[in-house]
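Visitor: Using only what follows, build the 3D model:
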Amino acid sequence: MHGAPAALQAETHEVYKNVQKLCETYVSQASALFQTYMDLKYAARWRELDARAIQRPTGSTDAAPFGAAGWAVIVGMAPGAKSKQVVVPMVLEQAIDSAMLSDLFAQLPSDATHTHVLLAMMSNDATVVYYRLSQGMVKPIN
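Guide: The predicted model follows:
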């Protein structure tokens, strides 16, 4: 009889090094960050993926661990896109508010679009669903 199979761990995956430092810094986002990075790289085939930190402006106060000091984000280009987008990984249970979103939009990197961000919400079964969140009011397409 063979021993139990080794547990799969994110830390052993070849792309973990691309998000490791941010996973250690933004612990509340770690699982969603790794899963979203994997999804964008392998399933969605995004290019030029770069995991980065966005610092929260000084003077912002939130008690919640998500976004209190800033966010781990992924910047990259979707297939066929002409500009980079910012993806904010989070687990479904994490709360966001308008002040947090205002701070996030104010700190978006200069090399990515500033019209919207993608919230990558990860559920308990590791499914990631993306929501496009625009700053201000946006006219519906139809």
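Visitor: Might you list the low-confidence residue ranges for the protein?
Guide: 1-13, 59-65 (pLDDT under 70).
Visitor: Tell me where it has helices.
Guide: 20-25, 30-38, 98-106 (DSSP state H).
Visitor: I would like the residues contacting the last one, please.
Guide: Right, helix 98-106. 54, 56-57, 60, 62, 67, 71, 88, 114, 117, 133, 135 (Cβ atoms under 8 Å, 6 or more residues apart in numbering). All C-beta atoms are positioned from the backbone trio N, CA, C, and that covers glycine.
Visitor: Can you get me a residue count around residue 126?
Guide: 13 (other Cβ atoms under 10 Å).
Visitor: Look up how far residue 89 lies from it.
Guide: 12 Å (Cβ to Cβ, to the nearest Å).
Visitor: Mutual contacts of these two, please.
Guide: With Cβ under 8 Å, 6+ apart as the test, residue 126 and residue 89 both reach residue 35.
Visitor: follow-up on the earlier one: out of the helices of the chain, which gets nearest to residue 14?
Guide: helix 30-38 (10.5 Å; Cβ to Cβ).
Visitor: The protein: strands as residue ranges?
Guide: 47-55, 70-77, 85-91, 116-122, 128-134 (DSSP state E).
Visitor: can you pull the alpha-carbon coordinates of stretch 78-88 into CSV?
Guide: Provided in CSV are the C-alpha atoms of stretch 78-88 (Å, rounded to 0.1, in the frame of the first residue of the first chain):
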residue,chain,number,x,y,z
ALA,A,78,-6.5,40.2,-22.5
PRO,A,79,-6.3,38.5,-25.9
GLY,A,80,-7.0,41.1,-28.6
ALA,A,81,-6.9,44.0,-26.2
LYS,A,82,-5.0,47.2,-27.0
SER,A,83,-4.4,48.3,-23.4
LYS,A,84,-3.6,46.7,-20.1
GLN,A,85,-6.3,46.3,-17.5
VAL,A,86,-6.1,46.1,-13.7
VAL,A,87,-7.6,43.0,-12.1
VAL,A,88,-8.3,43.0,-8.3
